[in-house]
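Visitor: curious how this folds, go ahead:
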Amino acid sequence: MDKAKPIIIAGAVLLILFVVVSSAYIVRETEQVIITQFGKPIGEPIVDPGIHFKIPVVQQANFFDKRFLEWDGDPNQVPTKDKRFIWVDTYARWRIKDPLLFFQRVRDERGAQSRLDDMLDGETRNAIAKHLLVEIVRSTNRQPQLPEGSPEGELAEKLQEIKIGREEITRSIIIAAAPRTLELGIELLDLRLKRINYVEEVQKKIYERMITERKRIADKFRSEGQGLASRILGDKERELKKIESGAYKTSQEIIGKADGEATKIYAAAYNKSTESQEFYRFLKTMETYKTTLSEKDWLILSTKGAFFKYLQDMTGK
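Guide: Numbering: from 1, shown residues only. Predicted coordinates:
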């Protein structure tokens with residue numbers, strides 16, 4: 001009997017430790033807890049951080065996050081009011097506002113994500129279908145900067161004023177979905193349209209239209225550049241001819257004045273005395289000898305010629 005006492009005491013200690021460990025649980029700052037007994041919630045939600053206790057085996061602690069949680073929707077093909085099919089991708093932020101109601105309705109976060117898929121996707125489809133594409137894309141009526149040469153029809157479309165923009169549409173989705181999420185113990189904090197894009201068939205047509213427009217604008221710029229280049233070349237040719245004409249005129253005037261001065265000098269020289277005229281003829285003949293004859297030249301002339309006159313006088317023969 002004495003030998004069995006330590007075993008009994010050790011078993012009792014272990015049992016007490018098991019009961020204490022299995023009955024105690026820690027609630028962190030970011031958590032809230034619902035206690036269930038045989039699967040049914042009992043009592044109020046535990047939101048105060050610290051160490052808490054429950055009945056072991058019989059009761060179970062269910063932990064839920066108190067922080068903001070993420071919902072990321074799947075891209076969906078949705079028609080707009082003006083019958084344009086687009087892909088819409090949305091995301092939202094939510095939190096567990098009433099953990100007891102949340103546990104009763106959806107049990108856990110996985111169930112909440114599934115219910116949010118149905119609610120938020122449905123409300124997004126309804127909102128997109130009620131509005132034009134331009135209202136879904138734009139939030140304000142600011143004046144966009146359009147490329148030069150854009151078609152007037154496209155200009156009118158881009159400058160179309162909107163009454164309800166993207167911000168108002170997302171706010172309407174939140175207002176429509178928030179009461180339904182509260183029934184699940186969920187508070188919907190925010191929802192945004194992450195991405196909007198045309199379906200593939202429409203994208204191809206839009207890209208083709210953009211390429212055609214860019215080519216048309218490029219051709220317009222190219223033709224304008226060629227016209228401007230031709231005008232510049234024409235102006236250059238005209239200015240060049242004008243300059244050449246002025247230079248030719250000036251040169252002819254200079255030549256005319258020089259000829260006139262030379263004529264005056266010649267006339268004055270011929271009008272001098274016989275000795276002066278003879279001296280002038282002598283100088284001109286000497287210049288002619290210098291430019292005509294060299295040391296290697298042979299010249300055969302008649303002694304009676306005028307050209308040989310001064311040579312004959314120089315030789316004394």
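Visitor: find the nearest non-adjacent residue to residue 113, please.
Guide: Leaving aside its sequence neighbours, residue 113 sits nearest to residue 71 (CB to CB, 6 or more residues apart in numbering; 6.5 Å). Just so you know, the C-beta spots here come from the backbone N, C-alpha and C atoms, and that holds for glycine as well.
Visitor: tell me what the one helix or strand residue 207 maps to is packed against?
Guide: Assigned by DSSP states H and E, residue 207 falls within helix 200-270. For helix 200-270, the elements it packs on are helix 274-292, judged by 3 or more CB pairs under 8 Å, 6 or more residues apart in numbering; DSSP states H and E.
Visitor: still on that earlier bit, for the record, mean pLDDT for the helix holding residue 207?
Guide: What helix 200-270 shows for mean pLDDT is 85.
Visitor: how far does that helix sit from its chain's centre?
Guide: Distance of helix 200-270 from the chain centroid (CA atoms, centre = their mean, to the nearest Å) equals 39 Å.
Visitor: can you list the domain ranges for this protein.
Guide: Domains of the chain are assigned by automatic domain parsing as 4-65, 69-198, 206-271, 277-315.
Visitor: in PDB, list the C-alpha atoms belonging to stretch 282-302.
Guide: Taking C-alpha atoms only, stretch 282-302 is exported to PDB below (Å, rounded to 0.1, in the frame of the first residue of the first chain):
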ATOM      1  CA  PHE A 282      56.100 101.400-126.700                       C
ATOM      2  CA  LEU A 283      54.900 100.300-123.200                       C
ATOM      3  CA  LYS A 284      52.100  98.300-124.600                       C
ATOM      4  CA  THR A 285      54.400  96.600-127.000                       C
ATOM      5  CA  MET A 286      56.900  95.800-124.300                       C
ATOM      6  CA  GLU A 287      54.000  94.200-122.200                       C
ATOM      7  CA  THR A 288      53.100  92.200-125.300                       C
ATOM      8  CA  TYR A 289      56.700  90.900-125.700                       C
ATOM      9  CA  LYS A 290      56.800  89.900-122.100                       C
ATOM     10  CA  THR A 291      53.500  87.900-122.200                       C
ATOM     11  CA  THR A 292      54.100  86.400-125.600                       C
ATOM     12  CA  LEU A 293      57.800  85.500-125.800                       C
ATOM     13  CA  SER A 294      60.100  83.500-123.400                       C
ATOM     14  CA  GLU A 295      63.800  82.500-123.500                       C
ATOM     15  CA  LYS A 296      62.900  79.200-125.200                       C
ATOM     16  CA  ASP A 297      60.700  80.600-128.000                       C
ATOM     17  CA  TRP A 298      61.700  81.100-131.600                       C
ATOM     18  CA  LEU A 299      60.000  83.900-133.500                       C
ATOM     19  CA  ILE A 300      60.300  84.400-137.200                       C
ATOM     20  CA  LEU A 301      59.000  87.800-138.300                       C
ATOM     21  CA  SER A 302      59.300  90.100-141.200                       C
END
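Visitor: circling back to that earlier point, hey, which of the domains of the chain is tucked in deepest?
Guide: Across these, averaging neighbours per residue (mean count of other CB atoms under 10 Å) puts domain 69-198 on top, at a mean of 15.
Visitor: show me how far that one is from its chain's centre.
Guide: 25 Å.
Visitor: could you work out the end-to-end span of it for me?
Guide: 29 Å (CA to CA, to the nearest Å).
Visitor: who is the residue nearest to residue 113 paired with across the strands?
Guide: residue 92 (DSSP bridges).
Visitor: what about it, distance to residue 79?
Guide: 23 Å (CB to CB, to the nearest Å).
Visitor: got a pLDDT number for the closest residue to residue 165 other than its chain neighbours?
Guide: Spatial nearest neighbour of residue 165, excluding adjacent residues (CB to CB, 6+ apart): residue 139 at 3.9 Å. pLDDT for residue 139: 84.
Visitor: quick check: residue 139 is in a strand.
Guide: No. Secondary structure of residue 139 (DSSP: H, G, I helix; E, B strand; the rest coil): coil, not part of a strand.
Visitor: got the phi and psi for it?
Guide: phi -120, psi -20 (degrees, to the nearest 10).
Visitor: ok, it touching residue 170?
Guide: No. In this structure, residue 139 is not within contact of residue 170 by CB atoms under 8 Å, at 9.5 Å.
Visitor: separation between residue 246 and residue 236?
Guide: 16 Å.
Visitor: no further questions, thank you.
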